[in-house]
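> coords please:
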Amino acid sequence: MGNDTTDFIDWTATTEFDYGDSTPCSGTEEKHFAAKLLPPLYSLVVIFGLTGNMLVVLILVKYKKLKGMTDIYLLNLAISDLLFVFSLPFWAYYAATHNWIFGEALCRILSGVYLLGFYSGIFFIILLTLDRYLAIVHAVFALTARTVTYGILTSAVTWAVAVFASVPGVVFHKTQKENSLCTCSSHYPSDAALNWKYSYTLKINILGLIIPMLIMIFSYSQILKTLLRCKNEKKKKAVRLIFVIMIFYFIFWTPFHISSFLYTFQNSLFTPNCELKGQLEKAIQVTESVSMIHCCINPVIYAFVGEKFRQYLYAFFRKNVAALLCKKCPSLYHEKLERVNSTITPSTAEHDISTGL
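Reported below is the predicted structural model:
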């Protein structure tokens with residue numbers, strides 16, 4: 001695979017398990033499986049991920065004007081998805097050829113970028129959840145805490161934490177010649193390689209699944225209690241977008257976290273053999289491929305859940321895209337845009353900020 005969240009697969013491409021008298025596992029079938037599955041899927045994710053998230057950034061910056069903390073976090077989430085997508089064309093080529101031709105510098109950088117997109121994405125979903133929690137459960141405190149300034153500061157800290165978490169992907173990834181091909185994979189210190197692999201997988205599982213799940217369960221349980229007491233329809237709509245984003249994150253990423261844990265700790269959990277190893281390796285390839293689709297999902301969620309987002313998107317296409325096809329009716333596009341903007345009054349602006357999009 002070539003990226004750091006799958007260095008378990010990189011590792012097995014060069015270092016096979018020793019099952020006593022049995023023949024070492026070749027891994028040939030798994031490599032062919034990856035070569036067929038990953039390149040076309042990665043290509044689709046790049047196309048839709050780039051298009052969707054660039055539109056989100058455009059809407060947030062040009063039309064929404066980043067009026068509140070929620071907008072700041074949604075913008076950073078879109079940037080995280082774009083970072084995630086940026087490295088995929090390189091990994092698609094690597095999966096298809098099993099030959100890294102881009103040099104050691106890009107091997108390290110792209111591994112770090114991939115991990116940075118992964119960590120920052122889940123961290124900003126956590127921040128969006130906490131933002132909902134403050135806005136609904138601690139509404140009075142939220143009046144002073146949920147500002148653009150605090151949103152920028154917390155975003156900067158979040159990026160710093162994500163960069164720190166991604167450092168091992170840069171430090172331990174390197175290229176290596178194997179026969180006539182070149183690999184890009186993790187190479188840990190030989191005296192503690194197994195401990196590094198175990199700690200790496202545990203870190204991915206804890207930061208990417210367990211901690212976010214605990215925070216979100218607590219936050220939404222408190223939010224639901226508050227909403228059941230006040231029965232405020234506007235506040236329920238304010239929660240819907242972030243709740244759907246959270247649910248889709250777990251739907252797309254949980255299978256990968258489980259399969260990566262089972263693969264890394266298979267010697268402790270099962271009696272290892274080539275068939276089981278191959279099945280787990282394919283499971284990682286499939287579940288990680290599914291998880292990558294997630295970076296295309298958030299823009300779709302905004303379109304279906306965020307009413308204002310649909311209006312802005314419609315206005316953008318009428319003014320910029322349709323105008324190229326119909327030169328006689330530009331006034332209609334300006335009219336539509338003005339109609340959308342006119343709906344944002346001081347009273348609706350706060351609702352727009354609290355609902356995200």
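> so where's this structure shaky on pLDDT?
Flagging of the chain using pLDDT under 70 yields the residue ranges 1-30, 231-238, 303-304, 306-307, 321-357.
> can you give me the strands in it?
Using DSSP state E, the strands of the chain run over 173-178, 181-186.
> Out of those strands, which one sits most buried?
Using mean count of other Cβ atoms under 10 Å, the stretch among these with the largest mean neighbour count is strand 181-186, at a mean of 21. The way it works is simple: take the backbone N, C-alpha and C, and place the C-beta from them, glycine included.
> quick check: domain ranges of this structure?
According to automatic domain parsing, the chain comprises the domains 4-305, 306-357.
> before we move on, back to that, which one of the strands of the chain lies closest to residue 120?
strand 173-178 (18.4 Å; Cβ to Cβ).
> Packing partners of the closest one?
The helices and strands touching strand 173-178, judged by 3 or more Cβ pairs under 8 Å, 6 or more residues apart in numbering; DSSP states H and E, are helix 7-14, helix 103-137, strand 181-186.
> rerun that using 6 Å as the cut-off
Judged by 3 or more Cβ pairs under 6 Å, 6 or more residues apart in numbering; DSSP states H and E, strand 173-178 is in contact with helix 103-137, strand 181-186.
> JSON lines please, covering these and showing distance to residue 60.
Shown next, in JSON lines, are these (distance: least, Cβ to Cβ, whole Å):
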{"stretch": "helix 103-137", "distance to residue 60": "13"}
{"stretch": "strand 181-186", "distance to residue 60": "34"}
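> Spatially nearest residue to residue 172, not counting backbone neighbours?
Closest residue to residue 172 apart from its sequence neighbours, by Cβ to Cβ, 6 or more residues apart in numbering: residue 186 at 4.8 Å.
> Save the strands of the chain as a markdown table, and put in distance to residue 51 too.
Shown next, in a markdown table, are the strands of the chain (distance: least, Cβ to Cβ, whole Å):
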| stretch | distance to residue 51 |
| --- | --- |
| strand 173-178 | 29 |
| strand 181-186 | 27 |
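> about what we covered before: of the domains of the chain, which stretch is the most buried?
Mean neighbour count (mean count of other Cβ under 10 Å) peaks for domain 4-305 among these, with a mean of 18.
> now that one, how far from the chain's geometric center?
Its chain's C-alpha centre and that of domain 4-305 lie 5 Å apart, by Cα atoms, centre = their mean, to the nearest Å.
> Looking at the helices and strands packed on strand 173-178, which is nearest to residue 320?
Comparison of the helices and strands packed on strand 173-178 against residue 320 by Cβ to Cβ identifies helix 103-137 as nearest, at 27.7 Å.
> packing partners for the closest one?
On a contact count with 3+ Cβ pairs under 6 Å, 6+ apart, helix 103-137 meets helix 69-86, helix 148-171, strand 173-178, helix 211-230, helix 233-264.
> Check which helices and strands the fourth one sits against.
Using 3+ Cβ pairs under 6 Å, 6+ apart as the contact criterion, the elements in contact with helix 211-230 are helix 103-137, helix 233-264.
> Give me the contacts around that helix.
Contacts to helix 211-230, defined as Cβ atoms under 6 Å, 6 or more residues apart in numbering, come from residues 122, 126, 129, 133, 136-137, 235-236, 239, 246.
> do the same with the shortest one
For strand 173-178, the surrounding residues in contact (Cβ under 6 Å, 6+ apart) are 100, 104, 107-108, 111, 182-184, 186-187.
> if you set the cut-off to 7 Å instead, what comes out?
Contact with strand 173-178 is made by 4, 14, 100, 104, 107-108, 111, 182-187, as judged by Cβ atoms under 7 Å, 6 or more residues apart in numbering.
> Over to stretch 290-310?
With Cβ under 7 Å, 6+ apart as the test, stretch 290-310 has contacts from 45, 48-49, 52-53, 55-56, 59, 77, 81, 84-85, 240-241, 244-245, 248-249, 252-253, 255-256, 313, 352, 355-357.
> how about a cut-off of 6 Å?
In this structure, residues lying in contact with stretch 290-310 by Cβ under 6 Å, 6+ apart are 45, 48-49, 52-53, 56, 81, 84-85, 240-241, 244-245, 248, 252-253, 256, 352, 357.
> got the end-to-end distance for that stretch?
The straight-line separation of the ends of stretch 290-310 (Cα to Cα, to the nearest Å) is 26 Å.
> What of stretch 77-94?
End-to-end distance for stretch 77-94, by Cα to Cα: 27 Å.
> which outside residues touch that stretch?
Identification of contacts with stretch 77-94 by Cβ under 6 Å, 6+ apart yields 2-3, 39, 42, 45-46, 49-50, 53, 56-57, 100, 102, 110, 113-114, 116-117, 120-121, 124, 295.
> circling back: of all the helices and strands packed on helix 103-137, which lies closest to residue 275?
Nearest to residue 275 among the helices and strands packed on helix 103-137 is helix 233-264 (13.7 Å), distances taken as Cβ to Cβ.
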